[in-house]
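**Student:** this one's sequence-less:
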C-alpha cells in the first residue's frame, strides 16, 4: 500500500529515474490509482525561498513542483520521510491554498 511519507524511485518520463515523496494518503492513492508526489531536485534547498524545498536524508524535494502520477509509475519504495519533513511539506501545501 502506497501512503503519504513513502519515498519511491519513479519513472517521470525523463532521461533518468528520480526519487519522489508521496504526499497523498493511501485512500486517495487506492481509489484514484494515482499518487500526488513531490520530486527530488538536485540543487541546494536555499536556491528557492522557504518553504518550497524540503530536505531530509541528503535529498531535496520540491513542493513547488508537486504533480500526480499513475501509481504504476512508482518503481520501488526506497524509504520513508521523517514526520518533521512531512509537517514541512503539509505547511508548504497549505500556503498554496
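**Tutor:** Noted; the coordinates are in hand. Just so we're clear, the structure is a prediction, and the values are computed from it rather than from any experiment.

**Student:** per-residue confidence at the most centrally placed residue in the chain?
**Tutor:** Nearest to the centroid of the C-alpha atoms of the chain, with distances taken as Cα atoms, centre = their mean, sits residue 21, at 2.4 Å. With respect to pLDDT, residue 21 scores 98.

**Student:** what sits against the residue nearest to residue 74 when sequence neighbours are not counted?
**Tutor:** Closest residue to residue 74 apart from its sequence neighbours, by Cβ to Cβ, 6 or more residues apart in numbering: residue 8 at 4.2 Å. Placement of C-beta: from N, CA and C, glycine included. Contacts for residue 8 (Cβ atoms under 8 Å, 6 or more residues apart in numbering) come out as 2, 19-20, 22, 37, 74-78.

**Student:** filter those down to the buried ones, PyMOL style.
**Tutor:** The following PyMOL line selects those of those that are buried, judged by 16 or more other Cβ atoms under 10 Å:
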select buried, resi 2+19+20+22+37+74
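
**Student:** ok, back up a step: element containing the residue nearest to the centre of the chain?
**Tutor:** Assigned by DSSP states H and E, residue 21 falls within strand 18-22.

**Student:** report all helices and strands that that strand contacts.
**Tutor:** On a contact count with 3 or more Cβ pairs under 8 Å, 6 or more residues apart in numbering; DSSP states H and E, strand 18-22 meets strand 6-10, strand 34-41, strand 59-62, strand 74-80.

**Student:** buried sites along whatever helix or strand comes next after that strand?
**Tutor:** Next helix or strand after strand 18-22 toward the C-terminus (DSSP H and E): helix 26-32. By neighbour count on 16+ other Cβ under 10 Å, the buried set for helix 26-32 is 28-29.
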